[in-house]
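K.L.:
here is a sequence together with a model predicted from it:
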Amino acid sequence: MTYQERLRFDTRGRGTYEISREITRVIRDSGIDKGTCHVFCHHTSASLTLCENADPTVRRDLEAFMARLVPDGHPMFEHTQEGPDDMAAHVRSILTKMDLTLPVSNGRPALGTWQGIYLWEHRTRPHSRSVTVTVHGE
């Protein structure tokens, strides 16, 4: 059995947005008890990640690390059509990836104790993001 749903998330700009609740709802609505859940972000300047959900300093530290690794407006970037964060956002999304595959057990994502599912917005201004969730199983 396969179930698919497309979700929309509005961001306030750069940062992480927990979407665990929405993904859990899609899995529940699918009626699938065990299998896999694939989550795909339809953008080249946002990504998905599994991250600790108990302490927000973890995500702030990741953002600080990424800012140092891939700074906005770096002179090596030619692609700046939408501003100094344009190419940096593309690099950040490639480094962090646009999809996740999760196990499904008992009709829920089988996450670790401190894991949360996050949409990571890499642009500095707000955007509306689409994510497709596909659940396979029985």
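P.N.:
Ah, there it is. Numbering: from 1, shown residues only.
K.L.:
quick check: end-to-end length of stretch 5-21?
P.N.:
14 Å (CA to CA, to the nearest Å).
K.L.:
what's it in contact with?
P.N.:
With CB atoms under 8 Å, 6 or more residues apart in numbering as the test, stretch 5-21 has contacts from 22, 26, 29, 46, 49, 51, 53, 59, 62-63, 85, 109, 111, 116-133. Where C-beta positions appear, they are placed from N, C-alpha and C, glycine not excepted.
K.L.:
for residue 65, grab phi and psi.
P.N.:
phi -60, psi -50 (degrees, to the nearest 10).
K.L.:
and it, what pLDDT?
P.N.:
If you check residue 65, the pLDDT there is 97.
K.L.:
residues near it, how many?
P.N.:
By other CB atoms under 10 Å, 10 other residues sit near residue 65.
K.L.:
quick one: mean pLDDT over the helix or strand where residue 26 lies.
P.N.:
Element membership for residue 26 (DSSP states H and E) is helix 20-30. Mean per-residue pLDDT for helix 20-30: 98.
K.L.:
just checking, what packs against the helix or strand just after it?
P.N.:
Downstream of helix 20-30, the first helix or strand assigned by DSSP H and E is strand 35-41. Under the contact criterion of 3 or more CB pairs under 8 Å, 6 or more residues apart in numbering; DSSP states H and E, strand 35-41 touches helix 20-30, strand 46-52, strand 99-105, strand 128-137.
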